[in-house]
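Student: Below: sequence and its predicted model.
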Amino acid sequence: MNEDGISYLDMGDAILRGEWGMAINSVWSPLYAGLLGGTLHLFRPGIGREFATVHLLNLAVFLLALVCFEYYWKGLRAAPRRISERNLDEETVMPWWAWTSIGYALFLWSSLNLIRIWAVTPDMLLAALVFLAAGLALRLAPGQHKRSARGLGMALGLVLGFGYLAKAVLFPVAAVFLGALVVVARRERWVRRFLGPAVASFLLVAMPWAVLISVSEGSPTIGEAGRLTYLRYVNGVPYPFWEPGGGGKGNPLHPPRRIFESPAAYEFAGPIGGTYPLSYDPAFWYRGIQPRLDVTQQAGALVTSGFAYADLFGRDLGGFMAGLFALLLLRARAARSREPPVSRVLVAVGLSALVLYGLVYVEGRYIAPFVILVLGGLLREARLPGGEGYRRTMAAASAVMLFFVLLTVVVFNAEGLVKVTGLEPGPRPVPSPTPADATSAGGQAEAARALLELGVRPGEKIAFVGYAFGAYFARLADVRITRQVPDAAALEFWEADGRQVQALLRDLLDGPKAVVTDWTPAGPSASRWQPLGDSPYHVYVDKTLRSQRSPVQQQFGSPR
């Protein structure tokens, strides 16, 4: 499990229950959340199997993305080449074996190295929809039957609309997509045949959600994730806690309420729902803070993004890019043609998305499908003059590019294997209060069971000391984290004197039934904490908490 996944799971539950006040969320998009909610409702897994069931859905999404990629990659190779005035024998194109092998290698690389298919996020779903939209666009051609053009246009608009429901970034990308198609074929009558249906079907799918979240936010918006990301990674606004007005960063309308000064502790029980309200709707807690353009900050973001892209294309894909650029330098001059260069439109779409992310924040899973659009379009342009020597050059370069992509995948998996097997070298644990390694799914399920066994009932509140974003057990136990000593203040908490600690624990237990920590307890209260089952967590319970287990708590394997 990962942090965003908990919010998507909570949103999926709200959609299935029809709790629209909670389900309409301007940060998390509804399509993936709805699929998660439907999957859990269908299989009804117990505490120990919920996360595994989620990954069954991820596997299905991965297979869907593979099918959509195949549709795109075949269309990219089969699309009419700009050679109407020349004979195919006068050019050397990439052989079928190379085109297919490199395509699948790039798909595997983007799925593993960039998207990380085990992450509970909508990025693999978005990739599937981007590939499907690209495949549809490649099948648009002059002279197409009127009905066929309209059908493709409608399908393209629908796919782009569902892409927006998967991630908000596809709204501006869809505008670039359709606009670029119009620009390259503006003189063609067939453009009018597909453009109207494409725009209409896109708006039909996308606008209802945009209207709903705009009403929820009180201002027009297509999604608040971009604003929050800019605030955090460009303007440097701390997340999720900071002093309102501090550092000239503004005053949020409803920040978390500070309940203890030193060490810092906060309360955020309402009106937001979810396992961890700060994570479920960060737009609410940051409402009133607007991004501001600061030249120095923006330049810093661009430099950071530039290094990220240099690392991606220069290190991870260095050998591949060298072979590709060598082919492009040697490529044959293309004859003029009436065929619209749709593949180049896809390159422009991919580059526009890379630029859009580069202005704010670059992460592999965000940019993966757009990188593939760029690389696919460039590969299609890689064609050499005719002749046996050039055919051997093309085959050799293709083999080299394939080798380097597969090498990157192999190295990535080898590094992961070292981590999984525990052979990774690292510092030994020190005997001091340090955060626990709470990434084990089994440990999370064990913590959830133990918490219920102590008498904490589903739906009740708990407090947390440490990094609450990773407290996935709370989702499994169906409890809410509503008070917290942040991870940055946790060490101060453990080193505080006994009177301070007892006063803070009383405040943390004002409503919540237990306090859980991912740190090793220390200081005057250490003896009052107990392990939370066979998990990396410890718990401090309210002395009035009943130890009698309810029927719900006795059935740890029953549906949530």
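Tutor: On my side now, so go ahead.
Student: The closest residue to residue 113 other than its chain neighbours and residue 131, how far apart?
Tutor: Of all residues not flanking residue 113 in the chain, residue 412 sits nearest, at 5.1 Å (C-beta to C-beta, 6 or more residues apart in numbering). Backbone N, C-alpha and C define where each C-beta goes, glycine included. Distance, residue 412 to residue 131, by C-beta to C-beta, to the nearest Å: 21 Å.
Student: Tell me which of these two has more neighbours.
Tutor: residue 131 (27 against 15; other C-beta atoms under 10 Å).
Student: residues contacting that one?
Tutor: Shown in contact with residue 131 (C-beta atoms under 8 Å, 6 or more residues apart in numbering): 65, 68, 69, 71, 72, 369, 372.
Student: Now it, what are its backbone angles?
Tutor: Dihedral pair for residue 131: phi -60, psi -40, per degrees, to the nearest 10.
Student: What's the first helix or strand after the helix or strand hosting the residue nearest to residue 113?
Tutor: Taking DSSP states H and E as the criterion, residue 412 maps to helix 388-420. Going down the chain from helix 388-420, the next helix or strand is helix 441-453, by DSSP H and E.
Student: Which strands or helices does that following helix pack on?
Tutor: Helices and strands touching helix 441-453, by 3 or more C-beta pairs under 8 Å, 6 or more residues apart in numbering; DSSP states H and E, are helix 50-78, helix 473-477, strand 514-517, helix 551-554.
Student: returning to what we had before: make TSV out of the contacts of residue 131 and add distance to residue 122 and pLDDT.
Tutor: TSV is the format used below for the contacts of residue 131 (distance: C-beta to C-beta, whole Å; pLDDT from 0 to 100):
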residue	distance to residue 122	pLDDT
65	11	97
68	14	97
69	17	98
71	20	96
72	19	96
369	12	97
372	17	97
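Student: who wins for most neighbours among these?
Tutor: Neighbour max across the contacts of residue 131 (other C-beta under 10 Å) = residue 369, 31 neighbours.
Student: What distance do you get for that one to residue 384?
Tutor: Counting by C-beta to C-beta, the gap from residue 369 to residue 384 is 28 Å.
Student: what's the answer for residue 412, then?
Tutor: In this view, residue 412 and residue 384 are 31 Å apart by C-beta to C-beta.
Student: Please apply the same query to residue 124.
Tutor: The spacing between residue 124 and residue 384, counted by C-beta to C-beta, is 35 Å.
Student: Looking at the residue nearest to residue 113 now. What's its pLDDT?
Tutor: Confidence at residue 412, expressed as pLDDT, is 89.
Student: about what we covered before: distance to residue 293 for the contacts of residue 131 - can I get that in CSV?
Tutor: Output for those, formatted as CSV (distance: C-beta to C-beta, whole Å):
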residue, distance to residue 293
65, 36
68, 37
69, 37
71, 41
72, 36
369, 29
372, 31
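Student: For residue 124 and residue 384, indicate the residue with more neighbours.
Tutor: residue 124 (26 against 20).
Student: Now that one: closest residue in space, sequence neighbours ignored.
Tutor: Residue 124 sits nearest to residue 61 (C-beta to C-beta, 6+ apart), 4.9 Å away.
Student: Any idea how many residues pack against that neighbour?
Tutor: Using other C-beta under 10 Å, residue 61 has 20 neighbouring residues.
Student: give me every residue that touches it.
Tutor: By C-beta under 8 Å, 6+ apart, the contact set of residue 61 is 35, 124, 125, 128.
Student: Closest one to residue 318 out of those, please.
Tutor: Nearest to residue 318 among the contacts of residue 61: residue 124, at 25.4 Å, using C-beta to C-beta.
Student: Please, which helix or strand holds the closest one?
Tutor: Using DSSP H and E, residue 124 falls within helix 123-138.
Student: Same question for residue 103.
Tutor: Assigned by DSSP H and E, residue 103 belongs to helix 96-109.
Student: Convert that helix to PDB, retaining C-alpha atoms only.
Tutor: Provided in PDB are the C-alpha atoms of helix 96-109 (Å, rounded to 0.1, in the frame of the first residue of the first chain):
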ATOM      1  CA  TRP A  96       9.300  -5.700 -37.500                       C
ATOM      2  CA  TRP A  97      11.200  -7.700 -34.900                       C
ATOM      3  CA  ALA A  98      13.000  -4.600 -33.700                       C
ATOM      4  CA  TRP A  99       9.900  -2.400 -33.700                       C
ATOM      5  CA  THR A 100       7.900  -4.900 -31.700                       C
ATOM      6  CA  SER A 101      10.700  -5.800 -29.200                       C
ATOM      7  CA  ILE A 102      11.700  -2.200 -28.500                       C
ATOM      8  CA  GLY A 103       8.000  -1.300 -28.100                       C
ATOM      9  CA  TYR A 104       7.400  -4.000 -25.500                       C
ATOM     10  CA  ALA A 105      10.700  -3.200 -23.700                       C
ATOM     11  CA  LEU A 106       9.700   0.500 -23.500                       C
ATOM     12  CA  PHE A 107       6.300  -0.500 -22.100                       C
ATOM     13  CA  LEU A 108       7.800  -2.800 -19.500                       C
ATOM     14  CA  TRP A 109      10.400  -0.100 -18.600                       C
END
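Student: Touching it from outside, list them.
Tutor: For helix 96-109, contacts defined as C-beta under 8 Å, 6+ apart pick out 65-66, 69, 73, 77, 94, 372, 375-376, 379, 394-395, 398-399, 401-402, 405-406, 408-409.
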